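Undergrad: structure, please.
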Amino acid sequence: MQNRKIKKGDCHYFLVFVGMVLFLPSFSNTVQISQDNEVAAPDYWKAPLGPTQSRSLPRSVPSLLSKSCKGCHSAIFSEWSGSRHASAWTDTIFQSALALTGNPPVCLNCHTPLENQQATVSAGPEGGDSTKSVDERLTKYDVELQKEGVNCSACHIRNGKIHGPYTDSRAAHPMEGSALIKSAEFCFPCHSIPAPAGSGLARPLLDTPVEWKSSGYAQEGKTCQSCHMPREERIVGLGGPSRISFAHTWQPGRDLESLKSAISACMNCEGPGPDGTVHVFVSITNSGAGHNFPTSPYAFLEVIFSASDSEGKEIARKTETLARVLKREGLSIKGELSDTTLKPKETRTLVFEFALAAKADVTVRSELRYHYVDGDTFAMLKIPREVASRPWVTLLNLSQKL
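TA: Alright, predicted model coming up:
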């Protein structure tokens, strides 16, 4: 295979990015992977992962399918099967986005990173138009493999060896101990998307690696895997010893418990004062995420303040959002309007004021809702009603009586 690269088309960025951020990583280049055993993350993740994958399977590994690993690694296979990595291709929302964007390589190289998972591979832009691609049909296309999305082979097979976190493994197949696979850098090429040309953005569209690098977590040695692949002691492979391993669940931003653990909040009410004004202070801390919260510019945290009387009648209401807001023109991005996301360990205090005409029994409430993506985008993607009926979850409810 020749080295290939297709430029990402600006007009596709909006829908393409939504699919990536909600469901999986983005691989940038369409080239053959490096022949080196221990390589830098960008070389390890050049995609689609081509000829060295299909021609150099490790000894005793019959295929690139994850089910080939199930017999010896049943617990890890089970975890992977229920993860967003496993459903990267089959996910309903991703398929809806893909149908509107015409299968651009920037999507396929993310959700189906193995060359054998793709029916065609891009040989470059058509007539200089970066939104269109000249495709070459692949003879080794495997529909069953495609359905596995980001599978075991995508992360672990390189150059006829299984790459893993251990340097002392004994297995039926050749092993390569990798420091890279345990590092945060291993995830960077997948979870960073540069600003599209002409967007006017001063930083990447998805900037999670930089957000982490500038946080206290990086200095403390806490990596992506520390939160998204928690460690536990168990037998990793059939017949092997019990040892510390990484859970393959990758609890992402669509897992409720993971989202709840990312933030904390408290509320304090003062008043009413002489003029009847009540001040409500809600302090929100990004106490658990090693990157900005939210890290996706299409997700946002909505804070809903309300006050109601003893009969439950609402007497005041206000809504604020914490988000990175982009200026959009159709499907194109044309700048950044604001960024009120919470940096790691940052606390922000929001203030809600309302007036009471007379002394009364009043209950003040604050609800924190996390929105995966705005409703207009769900409508644009034509998501089935049962999927899009509630594109948000409640993270916290706070209440206090005056």
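Undergrad: so which residues of the stretch 201-350 of the chain form strands?
TA: 206-207, 231-235, 242-246, 263-270, 277-286, 300-308, 314-322, 324-329, 332-339, 347-355 (DSSP state E, counting those that start in this stretch).
Undergrad: what are the buried residues along the fifth one?
TA: Within strand 277-286, the residues scored as buried using 16 or more other C-beta atoms under 10 Å are 278, 280, 282, 284, 285, 286. C-beta coordinates here come from the backbone N, C-alpha and C atoms, glycine included.
Undergrad: which residues does it contact?
TA: Contact with strand 277-286 is made by 262-272, 292-293, 301, 303, 305, 307, 322, 342-356, 362, 364, 366, 368, 398, 402, as judged by C-beta atoms under 8 Å, 6 or more residues apart in numbering.
Undergrad: which of these count as buried?
TA: 262-263, 265, 267, 269, 271-272, 292-293, 301, 303, 305, 307, 322, 342-344, 348, 350, 352, 354, 356, 362, 364, 366, 368, 398, 402.
Undergrad: doesn't residue 379 fall inside a strand?
TA: No. Per DSSP: H, G, I helix; E, B strand; the rest coil, residue 379 lies outside any strand segment and is helix.
Undergrad: separation between it and residue 391?
TA: 10 Å (C-beta to C-beta, to the nearest Å).
Undergrad: hmm, back to that, any chance of a markdown table for the strands of the stretch 201-350 of the chain, columns mean pLDDT and distance to residue 169?
TA: Formatted as a markdown table, the strands of the stretch 201-350 of the chain follow (pLDDT from 0 to 100; distance: least, C-beta to C-beta, whole Å):
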| stretch | mean pLDDT | distance to residue 169 |
| --- | --- | --- |
| strand 206-207 | 90 | 33 |
| strand 231-235 | 92 | 13 |
| strand 242-246 | 93 | 10 |
| strand 263-270 | 96 | 38 |
| strand 277-286 | 96 | 37 |
| strand 300-308 | 96 | 42 |
| strand 314-322 | 95 | 44 |
| strand 324-329 | 87 | 42 |
| strand 332-339 | 90 | 44 |
| strand 347-355 | 96 | 44 |
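Undergrad: mind putting these into TSV with distance to residue 108?
TA: Shown next, in TSV, are the strands of the stretch 201-350 of the chain (distance: least, C-beta to C-beta, whole Å):
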stretch	distance to residue 108
strand 206-207	18
strand 231-235	32
strand 242-246	27
strand 263-270	34
strand 277-286	33
strand 300-308	28
strand 314-322	33
strand 324-329	24
strand 332-339	21
strand 347-355	38
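Undergrad: ok, residue 208 touching residue 291?
TA: Yes. Between residue 208 and residue 291 there is a contact under C-beta atoms under 8 Å: 4.8 Å.
Undergrad: low pLDDT regions in the stretch 101-250 of the chain?
TA: 103-106, 121-136, 138-139 (pLDDT under 70).
Undergrad: where exactly do the helices run in it?
TA: 105-111, 143-146, 152-156, 208-213, 216-220, 224-228 (DSSP state H, counting those that start in this stretch).
Undergrad: deepest of the ones you listed, which one?
TA: helix 105-111 (a mean of 25; mean count of other C-beta atoms under 10 Å).
Undergrad: how close does the residue nearest to residue 216 when sequence neighbours are not counted sit to residue 262?
TA: The shortest distance from residue 216 to any non-neighbouring residue, by C-beta to C-beta, 6 or more residues apart in numbering, is to residue 345 (5.9 Å). Remark: distance between residue 345 and residue 262 (C-beta to C-beta) = 11 Å.
Undergrad: what touches both of these two?
TA: Contacts common to residue 345 and residue 262, judged by C-beta under 8 Å, 6+ apart, are 286, 287.
Undergrad: ok, for residue 98, nearest residue in space, not its chain neighbours?
TA: Closest residue in space to residue 98, ignoring its immediate chain neighbours: residue 107 at 5.8 Å, by C-beta to C-beta, 6+ apart.
Undergrad: was I right to think the one you found contacts residue 96?
TA: No. Using C-beta under 8 Å, residue 107 is not in contact with residue 96; the gap is 11.8 Å.
Undergrad: quick one: residue 82 and residue 250 touch, right?
TA: No. Under the criterion of C-beta under 8 Å, residue 82 is not in contact with residue 250, lying 10.0 Å apart.
Undergrad: tell me the contacts of the residue nearest to residue 216?
TA: With C-beta under 8 Å, 6+ apart, residue 345 has these contacts: 215, 216, 285, 286, 287.
Undergrad: and the pLDDT for it?
TA: pLDDT, residue 345: 96.
Undergrad: and it, how far is that from residue 183?
TA: Distance from residue 345 to residue 183, by C-beta to C-beta: 22 Å.
Undergrad: likewise residue 191?
TA: From residue 191 to residue 183 the distance is 13 Å (C-beta to C-beta).
Undergrad: in JSON lines, list the buried residues of strand 277-286 along with distance to residue 152.
TA: Converted to JSON lines, these look like this (distance: C-beta to C-beta, whole Å):
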{"residue": "278", "distance to residue 152": "56"}
{"residue": "280", "distance to residue 152": "50"}
{"residue": "282", "distance to residue 152": "44"}
{"residue": "284", "distance to residue 152": "38"}
{"residue": "285", "distance to residue 152": "37"}
{"residue": "286", "distance to residue 152": "33"}
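Undergrad: ok, so of those, who is nearest residue 145?
TA: Closest approach between the buried residues of strand 277-286 and residue 145, by C-beta to C-beta: residue 286, at 38.5 Å.
Undergrad: now do the SS call for residue 357.
TA: coil.
Undergrad: quick one: residues contacting it.
TA: Counting by C-beta under 8 Å, 6+ apart, residue 357 has contacts residue 276.
Undergrad: may I have the phi/psi pair for it?
TA: As for residue 357, its main-chain torsions (degrees, to the nearest 10) stand at phi -70, psi -30.
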